[in-house]
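Peer 1: Give me the fold of what follows.
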Amino acid sequence: MESKILFLDLDGTLLNDAKELTDGNRAAMEGAVARGHRVVIASGRPLKSVRAQAARFGLDGAGCYAIAYNGAVIYDFAKQAQIYRKALAPEDLYAVFDEARRRGIYIHTYDREDVVIEPRCDPETARRYCARLQFDFRVIRDIRKELSESPVKAMSIDFTGQEKTAAFRDWILSEMRGRLDSYFSERYFLEIVPAGVNKGRGILQLCDILGIPRENSVAAGDEANDIDMLRAAGVGAAMANAIPEAKAAADYVTERDNNHDGVAEIIEKFLA
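Peer 2: So this is what the prediction gives:
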């Protein structure tokens, strides 16, 4: 079989609900790599978290890559280096922070590999988010002066529901059109990225860098931030547990969900 490249979302796709890799998925991925296929973790998570997960599951060697921050960063594990990065324009970052402040809603961004929040933001929200990633956050007083580099993403979170964050997303898509994009990666997580940044664009970027035809790509996902990826890949596979919009965008929907080796099913069908 011709060598292919497999793009895998983490939460709700490769990982089960306990954030673990099932034995069936692990064996299927090891077999895919052994047959010469490339494997890419494609996640909204920060690069630091994606790298940790990749190392945990043995997906950090030659032929393995990461798309982090929903496509804003592409990382080559063999080179141990970023091979693509697209940052937010500082004035756009400041604008969304100012608007979040006016609306009284939580927002954070990243300084290199740290999650950073303003003093006004609820630290428990930051703590709850960072617990999923297994690292901590820090507080900075002035977003305009204390960042060491332009970040690639911001995130607004409301664990009580979507009403406030959905209204904030609508403001971003209207007032920042052509400068920023915004979409949910999970019910409570509103992603804020440079215009045009998404996992689908990440697929096209990496295939171009590696000289792999898009038709030789397979992508698996379950959430709203996976839809562009499912559409961009040669084969887009939505998990049985995916949201209806992701299933509608996919070429294939698995019979098994993320708790029952759904990724192994995709590998068996398209990369065996």
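Peer 1: contact partners of the helix or strand harbouring Arg51?
Peer 2: Assigned by DSSP states H and E, Arg51 belongs to helix 47-56. By Cβ atoms under 8 Å, 6 or more residues apart in numbering, the surrounding residues in contact with helix 47-56 are 10, 15, 21, 41, 43, 45, 59-60, 64, 66, 68-69, 73, 75, 77, 82, 113, 133-135. Heads up, the C-betas are built off the backbone N, CA and C, glycines and all.
Peer 1: buried sites along that helix?
Peer 2: For helix 47-56, the neighbour count (16 or more other Cβ atoms under 10 Å) marks Leu47, Lys48, Ser49, Val50, Arg51, Ala52, Gln53, Ala54 as buried.
Peer 1: Adding pLDDT and distance to Tyr94, write those residues out as a markdown table.
Peer 2: Shown next, in a markdown table, are those (pLDDT from 0 to 100; distance: Cβ to Cβ, whole Å):
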| residue | pLDDT | distance to Tyr94 |
| --- | --- | --- |
| Leu47 | 95 | 23 |
| Lys48 | 93 | 24 |
| Ser49 | 93 | 25 |
| Val50 | 94 | 27 |
| Arg51 | 94 | 29 |
| Ala52 | 93 | 30 |
| Gln53 | 91 | 31 |
| Ala54 | 93 | 33 |
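Peer 1: ok, so of the residues you listed, who is nearest Phe159?
Peer 2: Nearest to Phe159 out of these is Ser49 (Cβ to Cβ; 18.8 Å).
Peer 1: Distance of the closest one relative to Gln134?
Peer 2: 7 Å (Cβ to Cβ, to the nearest Å).
Peer 1: what's the answer for Gly12, then?
Peer 2: According to Cβ to Cβ, Gly12 and Gln134 sit 18 Å apart.
Peer 1: Pick out whichever of the two has more residues nearby.
Peer 2: Gly12 (23 against 12; other Cβ atoms under 10 Å).
Peer 1: Now that one. Nearest residue, chain neighbours left out?
Peer 2: In this structure, Gly12 finds its nearest non-sequential neighbour in Asp222, 4.1 Å apart by Cβ to Cβ, 6 or more residues apart in numbering.
Peer 1: mind listing what that neighbour touches?
Peer 2: Asp9, Gly12, Thr13, Ala238, Met239, Asn241, Ala242, Ile243, Ala246, Asn258.
Peer 1: and the last one, that's in a strand?
Peer 2: No - Asn258 is assigned coil when assessed by DSSP: H, G, I helix; E, B strand; the rest coil, not a strand.
Peer 1: ok, it touching Asn241?
Peer 2: Yes - using Cβ atoms under 8 Å, Asn258 is in contact with Asn241, at 5.5 Å.
Peer 1: Common neighbours of the two, please.
Peer 2: Gly12, Asp222.
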